[in-house]
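Engineer: Quick one, fold the following:
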Amino acid sequence: MLVLALLHPIANLSWWRWSVHPSTAVGIAALAALYIWASAKLQQRPTTGQRIYFFAGLLLLFGSLNGPLHDLSDDYLFSAHMVQHLLLTLAIPPLLLAGTPGWMLRPLLSRRYVAPLARYLTRAPIAFVVFNLTIAIWHLPPFYNAAMAHHGLHIVEHLTFMAAAVLMWWPLQSQLPEFPRLAYPGQMLYSFLMSIPMSIVAVYIAMADHVLYPAYSAAPRVFQLTPLEDQLLGALIMWIPGGIIFMIIMSVVFFKWNARGEDSTAGAQVDWKPSAA
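Structural biologist: Sure thing, here's the model as predicted:
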């Protein structure tokens, strides 16, 4: 009975009882199994650090799609939903990428038809456009409200967020030199530019003088926030922490650039080694 209660699809907000949604549990378990299977099949082991990154990403994914944050996001607060979206795009994908060694991806990306498509999609301008269009389109009221009304579409929304985010992070975190990262100066410019479109979407939401997403108007009030105040808070969460994250990335890139002393694209890759001189 406890398992059935945990897997019940209807959210009942509780700070002490976690609702678990079967589709997320199955998907996350499948990713973990695939990671372990690929390691065994290719007869190589990810480093301890890589395993920590990958499974930390899966744990954070589980926490963002289940329990109180999920219930608040789906049934009560737009602002909680924006926290969830930040985790799905700016926290979980970089952890999963950092935890996935290049040798694990190479057999898939070396396939005849996959490689050209991957090479095209992971180019910085394309990744930039795909990610920001995905974020902007899904936050337009017709699409956002449709996702709130139809659970299957909501799952598609989250999957497209994560897929687009993996592309967005690739020019900064590629584990494959043949699908390279940007050079460090390019990474800094890319990170700066990446903060702008999300801010524009956030300003659009923040400046609205009416509730854009009616599902939250009908929701019970769990905090002393009106629906319009909740919407403003959600926009600020998207705007300020989202922008700060990219500023932090710029700082990290700068110090890595300074430590390596290389301006070239080769100098920014995962397999870079200092010259003998």
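
Engineer: now for the one helix or strand residue 195 maps to, which elements pack on it?
Structural biologist: Residue 195 is located in helix 184-206, with elements delineated by DSSP states H and E. Contacts of helix 184-206 with other secondary structure elements, assessed using 3 or more Cβ pairs under 8 Å, 6 or more residues apart in numbering; DSSP states H and E, are made with helix 124-138, helix 151-173, helix 227-260. Where C-beta positions appear, they are placed from N, C-alpha and C, glycine not excepted.

Engineer: now these as JSON lines including distance to residue 274?
Structural biologist: As requested, the helices and strands packed on helix 184-206 are exported to JSON lines (distance: least, Cβ to Cβ, whole Å):
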{"stretch": "helix 124-138", "distance to residue 274": "25"}
{"stretch": "helix 151-173", "distance to residue 274": "21"}
{"stretch": "helix 227-260", "distance to residue 274": "8"}
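
Engineer: count of neighbours near residue 18?
Structural biologist: Around residue 18 sit 14 other residues, with neighbours defined as other Cβ atoms under 10 Å.

Engineer: got it, and residue 115?
Structural biologist: For residue 115, the tally of surrounding residues (other Cβ under 10 Å) stands at 15.

Engineer: Over to residue 50?
Structural biologist: Here the count is done by other Cβ under 10 Å, and residue 50 has 18 residues near it.

Engineer: Kindly report the same for residue 45.
Structural biologist: Counted by other Cβ under 10 Å, the residues lying close to residue 45 total 11.

Engineer: ditto for residue 238
Structural biologist: 25.

Engineer: on that earlier part again, which one of the helices and strands packed on helix 184-206 lies nearest to residue 98?
Structural biologist: Ranking the helices and strands packed on helix 184-206 by proximity to residue 98 (Cβ to Cβ) places helix 151-173 first, at 6.3 Å.

Engineer: neighbouring contacts of the closest one?
Structural biologist: When contacts are taken as Cβ atoms under 8 Å, 6 or more residues apart in numbering, the neighbours of helix 151-173 outside the stretch itself are 9, 23, 65, 74, 85, 88-90, 92-94, 96-98, 121-124, 126-128, 130-131, 134-135, 138, 143, 146-148, 179, 181-182, 186-187, 190-191, 194, 249, 253.

Engineer: From those, keep the buried residues only.
Structural biologist: For those, a burial check counting by 16 or more other Cβ atoms under 10 Å picks out 65, 74, 85, 88-90, 92-94, 96-98, 121-124, 127-128, 130-131, 134-135, 138, 147-148, 179, 181-182, 186-187, 190-191, 194, 249, 253.

Engineer: What residues of stretch 213-224 count as buried?
Structural biologist: Neighbour-count burial for stretch 213-224, counted by 16+ other Cβ under 10 Å, picks out 213, 215-216, 219.

Engineer: who touches the spatially most central residue of the chain in this structure?
Structural biologist: The residue at the geometric middle of the chain, judged as the C-alpha nearest the mean C-alpha position with Cα atoms, centre = their mean, is residue 89 (1.9 Å). With contact taken as Cβ under 8 Å, 6+ apart, residue 89 is in contact with 131, 135, 161-162, 164-165, 168.
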